[in-house]
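Undergrad: just a sequence and a predicted model for now, questions to come.
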Amino acid sequence: MATLLEVKDLCTQFFTFAGVVKAVDGISYEVDEGETLGLVGESGCGKSVSALSLMRLIPDPPGKIVRGEILFDGEDVLKIDMDDMRRIRGAKMAMVFQEPMTSLNPVLTVERQLSETLQLHKGLSRQQGRQEAVNLLARVGIPDPERRVRQYPHQFSGGMRQRVMIAMALSCNPKLIIADEPTTALDVTIQAQILELMKSLTTEFGVALIVITHNLGVVARYADRVNIMYAGKIIERGTSKQIYSNPRHPYTVGLLRSVPRLDQPRRAKLDPIEGQPPDLVNLPIGCSFRARCRWAVDKCATDTPPLMVVEDGHWSACWRTEELGAHALDIGNQPAASDNGAKVATPARQPRSPRSQPARGG
Amino acid sequence: MTTMTAAEARGQSTVNLGDVLLEVKNLKMYFPVTAGLILQRTVGHVKAVDDISFVVRRGETLGLVGESGCGKTTTGRCILQLYKPTSGTIKFEGQSLTELGTRQMRIMRRKMQVIFQDPYSSLNPRMTAGNIIGEPLIVHGLVKTKEEYKNKVGDLLKDVGLNPYMADRFPHEFSGGQRQRIGVARALSVNPQFIVADEPVSALDVSIQAQIINLMEELQEKFSLTYLFIAHDLAVVRHISDRVGVMYLGRLMEVADRNDIYFKPLHPYTKALLSAVPIPDPVIDAQRERVFLTGEVPSPLNPPSGCVFHPRCPLVTDQCSQVIPQLREVESNHWAACINVPGYGAT
């Protein structure tokens, strides 16, 4: 499939009194047309800043995109002027924000907010805009759209507001939707509804989707490819099958191992990643994860590992990625003794067997 | 009302209820909704918690799960008497908390503590970590000298994996995970038996969540604590709890051993809730059977008649809108409130 978005060596920094914060530190990736990409990392790893950079929504000052290229649909977004950028935003590239409570304007009706984009980008009249707004609400599964369209955001629940946000993002048939933590503020049953809706709509209209999340579970089911970020860098890239079944970076392994899983027998103890993420103002020399890494060697302190090919379409930024493959997910993965008793009817799944051969293909 | 004996005040209860530490019976908490500017008329009630009963045994962890607004936090606050319940009884070591006066309740609070959700807003930004942890010691008169105070605070900091020299720092100098450790140390300072942990890890990053969960489990063993663990993350609740209660719209839907809840859930709501949790493995996640709930949680101001879950339930029958199903022991130690569960019996 054709490449829609190509990010090359993107670097976004914030110039603060405390020093230069390297929020995004030279990341490169691409998104194909109609593809769903997951961007995963913890708070402060630069995942939201990298998305805002794509839309050129970084507040300047203090923020600045210091270098890099963002090739979207054949042109470099960073080189065009702000008027042209405004024509792209909303029309070709749209965004769904995290907080459905605060990202809608509370004093405008949903109709005004939906039709504004349509009037601006598609040149519809007020009347046409209203009709289209009703259609959009119906499309995202809001019952009784004719009545709902005249209401204000506070009359909608959290899940419904997120549906309005999705309707707004879809309104001009964009080629790319960036969803920044679209389900974090929602309850788990509503979260499932929203994700299912986003996936079916993007498939139906062939829209590419970037889902930014801190929850590895959220993207597993929906993403085609996954980028894992840590301290402003992409530290592992691959298809979601590769990332989840054959993680090759200690941080990814740590993330997967630190969460309790419902489909596996309970472990006696969780396996956290010790320590804290580094300060982005004073990033250590070498690998920024090494202070928390149990595989760290001397080389990690002196040389920053670049993304290295693991297999076809799978990269990892770790010097010991080869050794990691064989036993990454197995250490300590014994179920708690008490859970092996007769009480358990049928565990949903047997614990993973030690993986002697890294899974290939996918 | 009987006056407390000195033995009871010291925590050696004269009433022996076997291994039940906390007993909640028919607890109801209705919040009035008022209208009018000057003459505030009560126009309705938000039924935050509506007739729930459960017990917590000494040394166990009972998990309470549910979506936002299901009343799990209200339940925790009622137990701590931070809210005065509308009706129902709460017995701690056989003693009814609802009948206690303010002073007696204060003595009781030494035995039951709380860890809050948000490590950012639950610590006073103008107090040092040491003062935050040490204040309960002074309030309850547990230390006599300055020396003793300093040592105790240092010990508590060590217990939760921080360093004694951090006592002079202010909350903003700590990361989220470290702040939650301070919150844990504050709860531990008075040597409680029972801790209500209200979403203690949901504000933290996943890699830090596991640190706090492990810490709580270590401390439970070390100080033989009993937890009421309130959370919306089902995977976390299964990990830490011995038994789990599932709440929906102010009612308990199912209570069972952690393995029974997860491997053979009975109530349709529990099943839907479990299937909505994403599994971080695309292959396994794609194979799972999914129960999608349509619609949203109704308003607790005007809950549906009969079973509160019936408008969203995949198994709904005509009877569901008429009878309120009570929690019954459907299988041994497995309680469910659904008339369509096999073994529930006639209504």
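TA: Received it, and whenever you're ready, just let me know what you need. Numbering: from 1, shown residues only, chains lettered A, B, ... in the order given.

Undergrad: list the buried residues in stretch B:337-344.
TA: Residues B:337, B:338, B:339, B:340, B:341, B:344 are the ones in stretch B:337-344 that count as buried (16 or more other C-beta atoms under 10 Å in any protein chain shown). Quick note: C-beta positions are derived from backbone N, CA and C, even for glycine.

Undergrad: which element is the third one on?
TA: To tie it back to what came earlier, the one meant is residue B:339. Per DSSP states H and E: residue B:339 is located in neither a helix nor a strand.

Undergrad: what sits against it?
TA: B:307, B:317, B:319, B:320, B:323, B:325, B:347 (C-beta atoms under 8 Å, 6 or more residues apart in numbering or on different chains).

Undergrad: you'd agree residue A:186 is up against residue A:161?
TA: No - judged on C-beta atoms under 8 Å, residue A:186 makes no contact with residue A:161 at a distance of 9.5 Å.

Undergrad: overlap in contacts, these two.
TA: With C-beta under 8 Å, 6+ apart as the test, residue A:186 and residue A:161 both reach residue A:100.

Undergrad: residue B:221 sits in which helix or strand?
TA: Counting by DSSP H and E, residue B:221 is found in helix B:206-223.

Undergrad: quick check: next helix or strand after that helix?
TA: strand B:226-231.

Undergrad: can you tell me the SS state at the spatially closest residue to residue B:27 that is not a sequence neighbour?
TA: Closest residue to residue B:27 apart from its sequence neighbours, by C-beta to C-beta, 6 or more residues apart in numbering or on different chains: residue B:88 at 3.7 Å. Assigned state for residue B:88: strand (three-state reduction, DSSP: H, G, I helix; E, B strand; the rest coil).

Undergrad: show me the contacts for residue B:88.
TA: B:24, B:25, B:26, B:27, B:28, B:51, B:53, B:98.

Undergrad: beta partners of the residue lying closest to residue A:31 once chain neighbours are set aside?
TA: Leaving out its chain neighbours, the residue that sits closest to residue A:31 by C-beta to C-beta, 6+ apart is residue A:5, at 4.2 Å. For residue A:5, the residues forming beta bridges with it (DSSP bridges) are residue A:31, residue A:72.

Undergrad: okay, residue A:5 and residue A:276: tell me how far apart.
TA: For residue A:5, the distance to residue A:276 (C-beta to C-beta, to the nearest Å) stands at 32 Å.

Undergrad: among these two, which residue is more densely surrounded?
TA: Comparing residue A:5 with residue A:276 by other C-beta atoms under 10 Å in any protein chain shown, the one with more neighbours is residue A:5, at 23 against 17.

Undergrad: could I get the pLDDT score of that one?
TA: In the prediction, the pLDDT value recorded for residue A:5 is 93.

Undergrad: that one against residue A:70, yeah?
TA: Yes - at 7.3 Å, residue A:5 counts as touching residue A:70 under the criterion of C-beta under 8 Å.

Undergrad: need the overlap of contacts for these two.
TA: Contacts common to residue A:5 and residue A:70, judged by C-beta under 8 Å, 6+ apart, are residue A:54.

Undergrad: what is the burial count for residue B:90?
TA: With other C-beta under 10 Å as criterion, residue B:90 counts 20.

Undergrad: swap that for residue A:159, sorry
TA: Applying other C-beta under 10 Å, I find that residue A:159 has 23 neighbouring residues.

Undergrad: which strand or helix spans the residue nearest the centre of chain A?
TA: In chain A, the residue lying closest to the centroid (C-alpha atoms, centre = their mean) is residue A:212, at 1.8 Å. Residue A:212 belongs to strand A:208-213 when assigned by DSSP H and E.

Undergrad: quick one: distance of the next helix or strand after that strand to the chain centre.
TA: Per DSSP H and E, the first helix or strand lying C-terminal to strand A:208-213 is helix A:216-220. A distance of 9 Å separates the centroid of the chain from that of helix A:216-220, by C-alpha atoms, centre = their mean, to the nearest Å.
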